[in-house]
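J.: Sequence first, predicted model second:
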Amino acid sequence: MTFAMQVSEVGGPEVLRPAEIELGDTGPGRARVAVAAAGVNFVDIYRRTGVYPAELPTVLGAEGSGVVTAVGDGVDTVRVGYRVAWCDVPGSYAAEVDAPADRLVPVPAGVDMEHAAALPLQGLTAHYLASDSYRIRPGDTVLVHAGAGGVGLLLTQIAVLRGATVLTTVSTEDKAELSRAAGAAHVLVGYQDFPRWVRELTGGRGVQAVYDGVGRDTFDGSLDALAVRGFLVLFGGASGQVPPFDPQRLSSGGSLSLTRPTLGHFVHGRDELVRRSTELFDWLGAGRLDVRIGGTYPLADAGRAHEDLAGRRTTGKLLLLP
């Protein structure tokens with residue numbers, strides 16, 4: 001039996017309750033991991049409230065770090081004692097998880113376990129956005145909406161590492177300071193008339209790419225902010241989903257491109273997962289990438305962590321510590 005925070009009914013943070021769960025034997029291709037830290041993400045809130053339906057009872061969480069304590073038959077990617085991290089192992093709000101071994105990535109010796117748990121989901125997202133959804137090249141100018149969010153801060157840093165000039169939008173002056181510290185060259189507080197602001201900063205040309213996780217409220221403006229043959233990378237809908245639109249808008253806007261990516265398609269196999277994770281951990285260990293931890297909570301206080309995340313009372317990654 002292992003301690004976990006379980007949800008037996010949808011609802012508010014109070015439905016997260018302590019439980020003792022049985023993981024069973026470690027089967028072929030799987031590994032048992034003692035959890036060092038679990039990441040808290042908005043998707044966990046969506047599952048708790050029923051926005052994303054889940055079979056109940058369930059243990060929330062899918063991101064974390066820990067130490068391998070047992071491996072099943074046929075496992076050759078990890079061994080007992082390995083320090084590992086993950087972003088897609090259900091049931092991570094627990095003292096132990098049973099995980100597919102091929103989804104665990106090694107954590108280098110120079111990276112502590114809390115930062116290892118804080119990086120995978122948002123870090124891998126920022127990595128594929130900057131490397132593949134639109135491949136940033138030296139000399140590019142790009143716009144990142146919500147530049148002080150978890151993905152926004154990492155995406156800004158990676159874009160700068162790849163040689164880009166980064167413009168960001170944020171909601172408050174405090175967040176503007178965070179965005180500048182991450183490397184943003186220009187920051188706009190608020191979203192009013194941001195296409196005109198972008199055009200003024202780029203001599204009327206627009207940016208090569210817009211990274212938009214806001215969605216409905218910024219979509220049209222993001223298209224207006226693009227240079228000829230620019231790319232709109234729509235990776236979220238914090239303000240709501242974008243309604244249907246006429247693709248002719250891409251032609252009239254300057255032969256624009258639109259993509260709507262998701263992380264699972266960019267860590268499709270183990271080789272790709274390990275390659276992206278290794279580069280992120282290398283940057284982190286070398287001090288070239290900063291991961292902001294906004295708060296740590298005992299595992300039993302998962303409900304309070306959800307309240308703080310939903311209430312926007314913190315910045316950076318929230319972690320649960322078993």
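T.: Happy to help now that I have it.
J.: Next, the distance between the ends of stretch 259-278.
T.: 26 Å (Cα to Cα, to the nearest Å).
J.: Average pLDDT for that stretch, rounded please.
T.: The pLDDT scores in stretch 259-278 average 95.
J.: Tell me the gap between that stretch and the middle of its chain.
T.: Mean-position distance between stretch 259-278 and its chain equals 12 Å (Cα atoms, centre = their mean, to the nearest Å).
J.: From residue 179, how far off is residue 172?
T.: 10 Å (Cβ to Cβ, to the nearest Å). Heads up, the C-betas are built off the backbone N, CA and C, glycines and all.
J.: burial of the residue nearest to residue 236 when sequence neighbours are not counted, as a residue count?
T.: Closest residue to residue 236 apart from its sequence neighbours, by Cβ to Cβ, 6 or more residues apart in numbering: residue 213 at 3.3 Å. Residue 213: 22 surrounding residues under other Cβ atoms under 10 Å.
J.: Specify which residue of residue 172 and residue 179 has the higher count of neighbours.
T.: residue 179 (27 against 12).
J.: So the more buried one is in contact with residue 167, correct?
T.: No. Under the criterion of Cβ atoms under 8 Å, residue 179 is not in contact with residue 167, lying 9.7 Å apart.
J.: any common contacting residues for those two?
T.: Common contact partners of residue 179 and residue 167 (Cβ atoms under 8 Å, 6 or more residues apart in numbering): residue 187.
J.: residues in contact with residue 112?
T.: By Cβ under 8 Å, 6+ apart, residue 112 has no neighbours at all.
J.: how far away is it from residue 146?
T.: Taken as Cβ to Cβ, the span from residue 112 to residue 146 is 27 Å.
J.: what do you get for residue 215?
T.: 10 Å.
J.: joint contacts of those two?
T.: If you check residue 215 and residue 146 against Cβ under 8 Å, 6+ apart, the residues they both contact are residue 238.
J.: Look at these two and report which has more neighbours.
T.: Per other Cβ under 10 Å, whichever of residue 215 and residue 146 has more neighbours is residue 146, with 25 against 18.
J.: start to end distance for stretch 214-229?
T.: 22 Å.
J.: got the contact list for that stretch?
T.: 143, 145-146, 169, 191, 194-195, 198-199, 202, 205-210, 212, 232, 234, 236-243, 245, 249-250, 253-257.
J.: Okay then, goodbye and thanks.
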